[in-house]
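# Sharing a sequence plus its predicted fold:
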Amino acid sequence: MSDGVSEEQEHQTWLEAELAEAQRVLQRLEEEHAALGAQLREEPGEAARAERRRVGQAKSEAESRVQSAQAGLTLLRLQGTPFGLIADDDEVIGLIAVDVPKGSSSTQRARLIAEDLSDQLTGAAQSMGVVLGASADRYTRERPGRDRAGRMVLDVVGRVEGDVLVPATSFTRKAAHR
């Protein structure tokens, strides 16, 4: 029992640090985005617009990290574990931990994630009255490092568009491979 409490405390400490870091990064990016906007108004140019778009995309990713850490803390408080999904009116957000051996191919990785996430994600979509718009691995974004058990930790993010739950990760696979 005491091991479970210490593990829960460890998860809480990890998520609180993750939240604080994500909020710090988000604040820095918001300031940078605003400064670039002011600079762009004074001196319009394609290079400045491209830089502002890049910072805007990074800001969006930081916002997602804040939401994910908050969802993990909520799950920890409600279920005693940070891993799981929260579905509300128009989005699904959460964390999962998947045992993916190091050196696995992208196909193996996608299969392992799908095995672990498909039922949870389908259930969340059904609870909102929508269907999945992509394979389960497309809703995930890998976090750096692994958890204490050596599992890969992934953010899970999806948003409702019409009657379909679509991935809401802030990068495409092609961009990730460049």
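Thanks, I have the structure now. Residues are numbered from 1 along each chain as shown.
# Roughly how far does the nearest residue to residue 56 once chain neighbours are set aside sit from residue 98?
Using C-beta to C-beta, 6 or more residues apart in numbering and skipping the chain neighbours, the partner closest in space to residue 56 is residue 33 (6.0 Å). C-beta: built from backbone N, CA, C; applies to glycine. According to C-beta to C-beta, to the nearest Å, residue 33 and residue 98 sit 33 Å apart.
# cool, residue 65 as well?
19 Å.
# before we move on, the earlier item: quick one: contacts for the residue nearest to residue 56?
Residue 33 makes contact with 52, 55, 56, 59, according to C-beta atoms under 8 Å, 6 or more residues apart in numbering.
# Tell me the helix or strand right after the lengthiest helix in the chain.
Ranked by residue count, the top helix of the chain under DSSP state H comes out as helix 2-42. With elements assigned by DSSP states H and E, the helix or strand that comes after helix 2-42 is helix 46-79.
# Point out the other helices and strands that that following helix packs with.
Applying 3 or more C-beta pairs under 8 Å, 6 or more residues apart in numbering; DSSP states H and E, one finds that helix 46-79 contacts helix 2-42, strand 84-87, strand 91-98, strand 152-161.
# shaky segments in the chain?
For the chain, residues meeting the criterion pLDDT under 70 lie at 1-5, 170-178.
# domain assignment for this structure?
2-79, 84-177 (automatic domain parsing).
# Can you classify residue 141 as helix, strand or coil?
Under DSSP: H, G, I helix; E, B strand; the rest coil, residue 141 falls in the strand class.
# What residues are bridge-paired with it?
residue 155 (DSSP bridges).
# Distance across stretch 125-137, terminal residue to terminal residue?
End-to-end distance for stretch 125-137, by C-alpha to C-alpha, to the nearest Å: 15 Å.
# Please tell me how far it is from the chain's geometric centre.
Chain-centre distance of stretch 125-137: 16 Å, with C-alpha atoms, centre = their mean, to the nearest Å.
# what do you get for stretch 91-107?
How far stretch 91-107 lies from its chain's middle: 12 Å, per C-alpha atoms, centre = their mean.
# Check stretch 142-150 too.
The chain centroid and the centroid of stretch 142-150 are separated by 14 Å under C-alpha atoms, centre = their mean.
# And stretch 99-113, by the same measure?
Chain-centre distance of stretch 99-113: 18 Å, with C-alpha atoms, centre = their mean.
# what's the first-to-last distance across it?
Per C-alpha to C-alpha, stretch 99-113 runs 9 Å from first to last residue.
# quick one, what contacts the residue lying closest to residue 16 once chain neighbours are set aside?
Among residues not flanking residue 16 along the chain, residue 73 sits closest, at 7.2 Å (C-beta to C-beta, 6+ apart). The contact partners of residue 73, taken as C-beta under 8 Å, 6+ apart, are 12, 15, 16, 19, 82.
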